[in-house]
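[1] Here is my input, please return the structure:
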Amino acid sequence: MKIIIRSLCVVLLLSGVVQLRAQVPVLNSYPSASATIFLDFDGHKVEGTSWNFFGAINCASANMNATKITEVFNRVAEDFRPFNVNVTTDSTRFLAAPINQRIRVILTTSYEWYGVAGGVAFIGSFSWPDDNPAFIFTSLHGYRTKDIAEAASHETGHTLGLAHQSRYDSACNKVSDYHSGEGTGQIGWAPIMGTGYSRNFTVWHNGPNTYGCNNLQDDLAIITSGGNGFGYRADDHGTDFETATVPVFANNTFEMTGVISQNTDHDYFRFIMPSSGRFELDAIPYNVGTGNSGSNLDLQVSLYDNNKNLLSTYNPGFLLNSVADTTLTGGTYYLRVEGKGNLYASEYASLGSYSLLGRVELHGGDILPLRQFKLNGLWNNGKHQLNWTIEADESVVSQDIEISYDGRAYESMLNMNIATRNHQYSPAFPAIATYYRIRADLSDGRRYYSNTVVIREGVTKTRPQLVGNPATAQTIRVESPVNCQYQLLDLNGRVISRGQLPQGIHTLPAQNLAPGLYLLQYIQDRQQWTDKLIIR
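    Down below sits the predicted model:
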């Protein structure tokens with residue numbers, strides 16, 4: 001629900017915070033951005049704002065556990081992934097942001113002071129210099145994470161200047177102030193600024209708003225307008241054949257991630273088939289569960305040969321992900337990744353993050369020249385220490401340390417001497433989880449990446465790690481220096497198994513897994529690590 005003018009009826013003012021506050025995980029979607037959307041789950045006292053006609057408002061916590069908080073965060077973060085804005089659960093990040101480029105979104109059970117509504121916000125308040133928050137009333141959503149996340153993005157949209165996306169009939173009569181979308185399944189669509197509780201594919205929209213059927217509201221243009229102080233995030237991959245990103249092969253497999261930030265954004269990748277063989281590709285939009293739940297990107301992948309001739313286009317009509325499986329001769333090939341529309345939605349805001357998993361099965365059993373590329377990292381007395389191993393049949397011609405604060409968008413931090421295998425330094429943001437990987441170019445003309453490590457302030461022990469990767473479903477072994485929990489997931493986010501992982505070396509119970517890529521997550525207190533596991 002939006003507030004157009006600064007007047008409202010206050011029904012009841014709560015006298016105090018009455019619920020216990022859950023421990024909120026510290027999460028950031030894009031820490032390098034100064035503009036900030038703060039999801040406040042642990043309660044807050046609102047004073048000195050336009051809401052305080054009758055004194056302070058004491059907001060209780062959201063009454064949600066860490067798992068639900070994380071899912072809400074991930075859904076909202078994906079809605080704002082195309083933009084140069086940080087979605088965070090960290091109050092210190094919010095307070096450090098410019099006062100006219102931030103919004104506090106309070107997720108709370110305390111609705112009585114306002115009345116029965118999913119949420120409420122002042123239009124345009126993101127850029128006001130007085131910290132007027134938005135509110136989401138979690139108990140009125142039955143604590144359903146999907147609904148709470150939809151409301152949080154919707155109300156944040158209001159603070160960025162958006163009105164409702166509405167529905168009109170052919171005679172220009174308003175049918176509903178909230179456009180409810182259409183369709184079912186993965187591609188069932190609705191506008192974020194309408195009501196998308198029952199649809200999976202909820203995205204920004206360019207359509208008539210509440211002020212009339214001819215009053216078209218371009219959500220993306222308004223969000224990235226000068227008044228809000230931020231635009232789109234920087235492009236992360238090559239935009240044509242000449243600048244195509246070279247993915248990294250290890251054991252005849254490569255993995256890449258990216259973000260489609262604008263509907264004109266095309267990400268290009270170039271890879272080499274050393275000889276003829278089978279090429280498989282899984283292109284998966286970011287999701288929070290099975291059926292590409294929470295995805296904002298309908299992926300299309302096109303395959304080209306070395307002469308830039310289109311060989312095939314992959315875009316299943318009723319799925320958001322795409323799969324390729326074809327036989328190729330030896331040579332150079334290109335992939336183009338982009339967001340597309342479908343039966344219910346246009347490609348206007350088919351935007352968001354994705355991952356690619358490519359596999360090559362060469363005829364004759366040939367293998368690529370990299371045998372081992374392993375990175376280790378830890379925190380030691382205020383410094384981040386990295387060391388790595390490269391075993392390859394070809395020589396190293398260049399290597400870089402790459403850094404990320406969200407585990408998705410990486411940039412080069414330091415170009416290293418080709419003989420160096422270690423580095424340490426004092427990080428600029430010691431309190432933030434920092435992701436590292438090593439990029440190496442070999443004399444065979446191919447580019448490779450190490451595994452990723454995460455370093456956090458005060459964590460002196462190395463994290464749990466796989467013993468052997470690739471592995472088989474019968475011999476998944478993990479060495480852990482700490483007692484922690486684990487869960488094994490497929491690429492759609494479906495949990496296959498979970499349990500406790502004591503300190504030491506253990507074999508995990510995960511029988512009869514099909515060959516492919518899986519995610520193995522380790523959780524200890526507020527720390528989390530993820531390994532990508534290949535099952536042969």
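
[2] The strand or helix carrying L386 pairs with which strands, and in what direction?
    L386 is part of strand 383-392 when elements are defined by DSSP states H and E. Paired with strand 383-392 in the same sheet, following DSSP bridges, are strand 370-380 (antiparallel), strand 422-425 (antiparallel).

[3] quick check: mean pLDDT across the first one?
    Looking at strand 370-380 alone, the average pLDDT works out to 80.

[4] What are the contacting residues of it?
    Outside of strand 370-380, the residues within contact range by C-beta atoms under 8 Å, 6 or more residues apart in numbering are 249-250, 384-394, 424, 436-438, 440, 442, 448-462. All C-beta spots, glycine's among them, are computed from the backbone N, C-alpha and C.

[5] redo that, cut-off 6 Å
    250, 385-392, 436, 438, 448, 450-451, 453, 455, 459-460, 462 (C-beta atoms under 6 Å, 6 or more residues apart in numbering).

[6] Relative to R199, how far out is the residue nearest to N209 when sequence neighbours are not counted?
    Nearest residue to N209, sequence neighbours excluded (C-beta to C-beta, 6 or more residues apart in numbering): Q217, at 3.9 Å. Per C-beta to C-beta, to the nearest Å, Q217 is found 19 Å from R199.

[7] same question, L320
    From L320 across to R199, the span is 12 Å (C-beta to C-beta).

[8] In PyMOL, how would I select the buried members of the contacts of strand 370-380?
    Only the buried entries of the contacts of strand 370-380 go into this PyMOL selection, using 16 or more other C-beta atoms under 10 Å:
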select buried, resi 250+386+388+390+392+436+438+448+450+451+453+455+459
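
[9] Return the most buried member of the strands paired with strand 383-392.
    Of all those, strand 370-380 has the most neighbours on average by mean count of other C-beta atoms under 10 Å, namely a mean of 17.

[10] With just CA atoms, put it into PDB.
    C-alpha atoms of strand 370-380 as PDB (Å, rounded to 0.1, in the frame of the first residue of the first chain):
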ATOM      1  CA  LEU A 370      44.700 -28.000 -16.100                       C
ATOM      2  CA  ARG A 371      45.000 -30.700 -13.500                       C
ATOM      3  CA  GLN A 372      44.700 -28.800 -10.200                       C
ATOM      4  CA  PHE A 373      43.900 -25.100  -9.300                       C
ATOM      5  CA  LYS A 374      43.200 -24.700  -5.600                       C
ATOM      6  CA  LEU A 375      43.000 -21.500  -3.500                       C
ATOM      7  CA  ASN A 376      43.200 -21.400   0.300                       C
ATOM      8  CA  GLY A 377      42.500 -18.300   2.500                       C
ATOM      9  CA  LEU A 378      42.200 -17.300   6.100                       C
ATOM     10  CA  TRP A 379      42.100 -14.300   8.500                       C
ATOM     11  CA  ASN A 380      45.200 -13.700  10.600                       C
END
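
[11] Off-centre distance for that strand?
    24 Å (C-alpha atoms, centre = their mean, to the nearest Å).

[12] does T327 sit in a helix, a strand or a coil?
    Following DSSP: H, G, I helix; E, B strand; the rest coil, the label given to T327 is strand.

[13] How many neighbouring residues does it have?
    For T327, the count of nearby residues is 11 (other C-beta atoms under 10 Å).

[14] just the one 3 residues further on next, same as before
    The burial count assigned to G330 is 13, neighbours taken as other C-beta under 10 Å.

[15] quick one: pLDDT of the closest residue to it other than its chain neighbours?
    If the residues on either side of it in the chain are set aside, G330 comes closest to S275, at 4.5 Å by C-beta to C-beta, 6+ apart. On the pLDDT scale, S275 is placed at 86.

[16] so where does S275 fall, helix or strand?
    Applying DSSP H and E, one finds S275 in no helix or strand.

[17] What of I272?
    Using DSSP H and E, I272 sits within strand 267-273.

[18] what's that strand packed up against?
    strand 331-339 (3 or more C-beta pairs under 6 Å, 6 or more residues apart in numbering; DSSP states H and E).

[19] where exactly do the strands run in the stretch 101-250 of the chain?
    102-108, 119-122, 134-137, 167-168, 174-176, 189-191, 201-203, 206-208, 216-218, 249-250 (DSSP state E, counting those that start in this stretch).

[20] Residues contacting the first one, please?
    Contacts to strand 102-108, defined as C-beta under 6 Å, 6+ apart, come from residues 36-41, 44, 59-60, 62, 94, 126, 133-136, 138, 152, 156, 159.

[21] what's the answer for stretch 183-196, then?
    With C-beta under 6 Å, 6+ apart, stretch 183-196 has contacts from 150, 153-154, 157, 162, 164-165, 178-181, 199-202, 204-205, 291-292, 318-320, 342, 344-345.

[22] And stretch 289-309, by the same measure?
    The contact list for stretch 289-309 (C-beta under 6 Å, 6+ apart) reads 75, 78, 186, 203, 241, 260, 283, 285, 287-288, 310-315, 320-322, 331-332, 334-340, 342, 350, 352, 354, 492-494.

[23] quick one: the helices in the chain?
    Applying DSSP state H to the chain gives helices spanning 66-79, 91-96, 145-159, 219-223.

[24] need those helices in CSV with distance to D236, can you?
    Listed next are the helices of the chain as CSV, based on distance: least, C-beta to C-beta, whole Å:
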stretch, distance to D236
helix 66-79, 15
helix 91-96, 22
helix 145-159, 22
helix 219-223, 18
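
[25] Y522: which of the ones you listed is closest?
    Y522 lies closest to helix 66-79 among the helices of the chain, at 14.8 Å (C-beta to C-beta).

[26] so how many other residues sit close to the residue nearest to S395 when sequence neighbours are not counted?
    Nearest non-adjacent residue to S395, counting by C-beta to C-beta, 6+ apart: S443, 4.8 Å away. Applying other C-beta under 10 Å, we find 12 residues neighbouring S443.
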